[in-house]
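Just to be clear, the model below is a prediction. Sequence and coordinates:
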Amino acid sequence: MNQLKTNGRSVFITIDIARFFAAFSVYWYHQHLGYLLGSILHLTWFGVTDSFGSVYAVPLFFLISGFCIHLSNIRYINENRKLPIKSYYQKRLWRIYPPYIIAVLFSITVNVITKYKAPPQLSDVGSHLFLLHSFSVADFNSINLVLWTIAVEVCFYLMYPIFYYFRQKYSLLIGLGSAFIISAISITSIYIFDVRVTLPVRYLFLNLWFAWCVGAWLCDQYYFQKEYYKTSHWRILSSIIFITFVLTESFHWQKENLIKDSIHVIIWAPVFIWFIGKEALFQRNRRYLRIPLAIGTSSYSLYLLHEPLIEVKNFIINNYLPENIHLLGMIAGLFIIPIIAYVNYKLFELPFAAYKKKSV
């Protein structure tokens, strides 16, 4: 089995680069930079670049998440051990929750100061603190536009031991198959009972559970049957994934996003495996990748904080900068926000990560 970690971090710098693409794409989209640059340069087609962050970046995050969570537990599988549930949940808590709470409090503060959004109700704050807002239409993205994904991720983390159990008790295929059955039942039930597809229904974690587990499946295959990715079976499966993606994107039907959202995750599977296969190339050129790697390692902070930081930037530009330098302020903000996110990563994420290692 390949070495899993070096100094507590994944050996794959390609994963950090993939995180950079995903996080920066969401950041790009939420500032509508493609549209703005297209207008300035008179290249209207450039606005299409916004669609990557709006449609495909979060699915990439979900696939990476499934891969990395399984990666962190591969050693238990290799040793034929049960998943240490208490340790597993403690690690997830300390990794995700402290930076998340900081983001929630910061977002509320920004909303109050800028008044771009109405002050949140106490129930709204409570649902965010307990990560229940992804189940509420009113609270889904009220405080911070992106925090719903963290609530969905936590549900994936809570369910992961089920996948692990079936993988260990029976086989990897049974583990993935059980995830498919769960998602199929969830999506089918929405169709059968004609449930209105609100955002909480569309992004119900059960609908996306199979797609997330595909990331875990990729990881398992990589470490125990890496040669599989050189076989005709993988090439055929990759072709089927691509054809399915093209066909579903070409047609429209009622409640289509319930299926398309999962396919948007799965379409990344062949790309991701190809990408991490270039690890040696990226390692050799690591010195040229310092900025993408810095953003990649701090991508969680950038993802959590970029929306309120954009609001702060816009508030300062609109209220304190002369109109003739608004563009300059926007450009400066584009570079300053990732720097602030990196500082947050250093000051808050890393200390809690260190505490996580000591506490479990």
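That came through fine.

Could you report the separation of Pro120 from His128?
Between Pro120 and His128 the computed distance is 8 Å (CB to CB, to the nearest Å). Bear in mind the C-beta positions are built from the backbone N, C-alpha and C, glycine included.

same question but for Pro270, I mixed them up
Distance, Pro270 to His128, by CB to CB: 36 Å.

Please say which of these two ends up with more neighbours.
His128 (28 against 18; other CB atoms under 10 Å).

That one contacts Leu147, correct?
Yes. At 6.5 Å, His128 counts as touching Leu147 under the criterion of CB atoms under 8 Å.

Now do the shared contacts for those two.
Shared contacts of His128 and Leu147, defined by CB atoms under 8 Å, 6 or more residues apart in numbering, are found at Val104.

before we move on, the earlier item: identify the contacts common to Pro120 and His128.
Residues touching both Pro120 and His128 by CB under 8 Å, 6+ apart: Ile143.

what separates stretch 143-161 from the chain centre, distance-wise?
Relative to the chain's own centre, stretch 143-161 is displaced by 9 Å; criterion: CA atoms, centre = their mean, to the nearest Å.

whoops, stretch 170-181 was the one
Taking CA atoms, centre = their mean, the mean C-alpha location of stretch 170-181 is offset from the chain mean by 23 Å.

Can I get that stretch as CSV, trimmed to CA atoms?
C-alpha atoms of stretch 170-181 as CSV (Å, rounded to 0.1, in the frame of the first residue of the first chain):
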residue,chain,number,x,y,z
TYR,A,170,-18.7,-7.6,2.5
SER,A,171,-16.8,-5.8,-0.2
LEU,A,172,-16.1,-2.4,-1.8
LEU,A,173,-18.6,-3.1,-4.5
ILE,A,174,-21.3,-3.9,-1.9
GLY,A,175,-20.4,-0.7,0.0
LEU,A,176,-20.8,1.4,-3.2
GLY,A,177,-23.9,-0.5,-4.2
SER,A,178,-25.6,0.1,-0.8
ALA,A,179,-24.9,3.9,-1.3
PHE,A,180,-26.5,3.7,-4.7
ILE,A,181,-29.6,2.0,-3.3
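
ok, residues contacting that stretch?
Contact with stretch 170-181 is made by 162-164, 166-167, 209-210, 212-214, 216-217, 220-221, as judged by CB under 8 Å, 6+ apart.

Can you flag the buried ones in those?
163-164, 166-167, 209-210, 212-214, 216-217, 220-221 (16 or more other CB atoms under 10 Å).

Assign a three-state SS to Trp45, would you?
Under DSSP: H, G, I helix; E, B strand; the rest coil, the three-state class of Trp45 is helix.
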